[in-house]
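Peer 1: Here is the input, now give the coordinates:
(4 chains)
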Protein chains: 2
Amino acid sequence: MTYSPDVPEVVVQRLPQYLRALSNLQRGGQEVISSQQLGALLQATPAQIRKDLSYFGRFGKQGRGYNIRHLLERLRYILGLERTWNVAVVGVGRLGRAIISYQGFQPEGFRVVCAFDSDPRLIGQLAGGLMIHDISNIGEVLRGEQVQIAIVSVPGAEAQLVIDQLVEAGIQAILSYAPIAAHVPEGVHLRSVDPVLELQSMTYYLSTPD
Amino acid sequence: MTYSPDVPEVVVQRLPQYLRALSNLQRGGQEVISSQQLGALLQATPAQIRKDLSYFGRFGKQGRGYNIRHLLERLRYILGLERTWNVAVVGVGRLGRAIISYQGFQPEGFRVVCAFDSDPRLIGQLAGGLMIHDISNIGEVLRGEQVQIAIVSVPGAEAQLVIDQLVEAGIQAILSYAPIAAHVPEGVHLRSVDPVLELQSMTYYLSTPD
DNA sequence: GTATGTGAAGCACTTCACAGCT
DNA sequence: AGCTGTGAAGTGCTTCACATAC
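Peer 2: Below is the predicted model of the structure:
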């Protein structure tokens, strides 16, 4: 239903940043913004912002700029954020617990509805108020809880296996915290959060005084 | 000292991934690898891997491939990973504690040596065996502990202020977990880890059955 | 006057394809 | 025979610049 001829992936990745900046502006009471101003906030060029938005429609008014409330509405719709998404967390170690307790998902419409682990000592216990399920029942539970998105926070050695199980269970969007280059089939979306890689690429610039 | 004419940033960001894959291969006992094989592991084309490496030298042997031990050595040197880097964690909430306790930094040569918070109830306490310092002494402590890299895990509302203080204290590499688009001056390297943005861009593809 | 939307130009990264080394 | 290293070609994203609308 969404009109989307052929949007570069980088563009899609910037939309949530626009969304966030606009939300903050709205909270501050501002009603209109120009691509110039938004660019200054996000360190992007005005042209880039206009071009990015133009992939999806014509949301601005020449001579005035963008109505923030209206643009927010459109961006939320485009990104599929008008609904709630149910999320599962797989791996309930320290990191998994921190993720479950993170207060930043809920306000954006991501609800962590179930947790999994393979450690028999954890199964049946609670983590952040959430029942920890046996990972071997993963398909069944994910279907029962209507989960669309999984967050993987298991050790690297187990991550590919877990991801395979998630794919098998029909999950099409996975956010992985595991330090591995995981493989997923065509059509499944995988994003990685990997602080070590980030640090390791920054040290290049610290060591090489250009 | 490092020969680096003009290396694209994307290339620098891929090197740590090569490093990690090669480490795993070495642990498995393999001694030589071709760009073909490495590409298969990382879902990259052989040409890209060869081109990336060629920015830094000629590390392969035609007809054979790359000696893993040698290439690892060179990559570690290029990325500045032959030394240890001291890291400070600013913000000792749930996330900060998880970061301090994370066992993945140490083996890669990143030592979390001090922690900061602004909450008077936390200052002077321990977190993961680390003394929590008052953030107002940040410059002094960072110098004393010889910290080169900072990880920011404070709430969004405080993040820009904290980052300004870090920059003021001479820190040139910052990894931020805060959900804001922070600004840093030229010459300071800032990377962000932001799971919400990742989720929000994946939902686009879940909602748009292209 | 002011700011958008957008073809066209510019730039940067990726891939090709092959000479050259082992 | 096999695989690297690399100019050249290809591709895709970014920026420009201006017609258009308010």
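Peer 1: In space, not sequence, find me the middle residue of chain A.
Peer 2: In chain A, the centroid-proximal residue (C-alpha atoms, centre = their mean) is A:Leu175; its distance is 7.2 Å.
Peer 1: how about that residue, what does it touch?
Peer 2: Taking C-beta atoms under 8 Å, 6 or more residues apart in numbering or on different chains, we find A:Leu175 in contact with A:149-152, A:190-193, B:195, B:198-199, B:202. Backbone N, C-alpha and C define where each C-beta goes, glycine included.
Peer 1: Which ones among those residues lie within helices?
Peer 2: Counting by DSSP state H, the contacts of A:Leu175 place B:195, B:198-199, B:202 in helices.
Peer 1: Neighbour count, pLDDT and distance to DNA strand C added to those residues, as TSV?
Peer 2: Listed next are those as TSV, based on neighbours: other C-beta atoms under 10 Å in any protein chain shown; pLDDT from 0 to 100; distance: C-beta to the nearest atom of the strand, whole Å:
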residue	neighbour count	pLDDT	distance to DNA strand C
B:Pro195	19	98	23
B:Glu198	20	98	19
B:Leu199	24	98	24
B:Met202	25	98	21
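Peer 1: Kindly reformat those as CSV containing distance to DNA strand D.
Peer 2: Output for these, formatted as CSV (distance: C-beta to the nearest atom of the strand, whole Å):
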residue, distance to DNA strand D
B:Pro195, 21
B:Glu198, 17
B:Leu199, 21
B:Met202, 17
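Peer 1: Between those residues, which sits nearest B:Glu9?
Peer 2: Set against B:Glu9, the nearest of these by C-beta to C-beta is B:Glu198 (19.6 Å).
Peer 1: Nearest residue to the closest one in space, ignoring adjacent ones along the chain?
Peer 2: Using C-beta to C-beta, 6 or more residues apart in numbering or on different chains and skipping the chain neighbours, the partner closest in space to B:Glu198 is A:Arg191 (4.3 Å).
Peer 1: what about the one you found, distance to B:Asn24?
Peer 2: A:Arg191 is 21 Å from B:Asn24, where distance means C-beta to C-beta, to the nearest Å.
Peer 1: go on, A:Gly104?
Peer 2: 32 Å.
Peer 1: go on, A:Ile135?
Peer 2: 23 Å.
Peer 1: what's near enough to touch A:Leu41?
Peer 2: A:21, A:25, B:181.
Peer 1: returning to that earlier point: now render the ones in helices among the contacts of A:Leu175 as a markdown table, adding distance to B:Tyr66.
Peer 2: Shown next, in a markdown table, are these (distance: C-beta to C-beta, whole Å):
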| residue | distance to B:Tyr66 |
| --- | --- |
| B:Pro195 | 34 |
| B:Glu198 | 32 |
| B:Leu199 | 37 |
| B:Met202 | 34 |
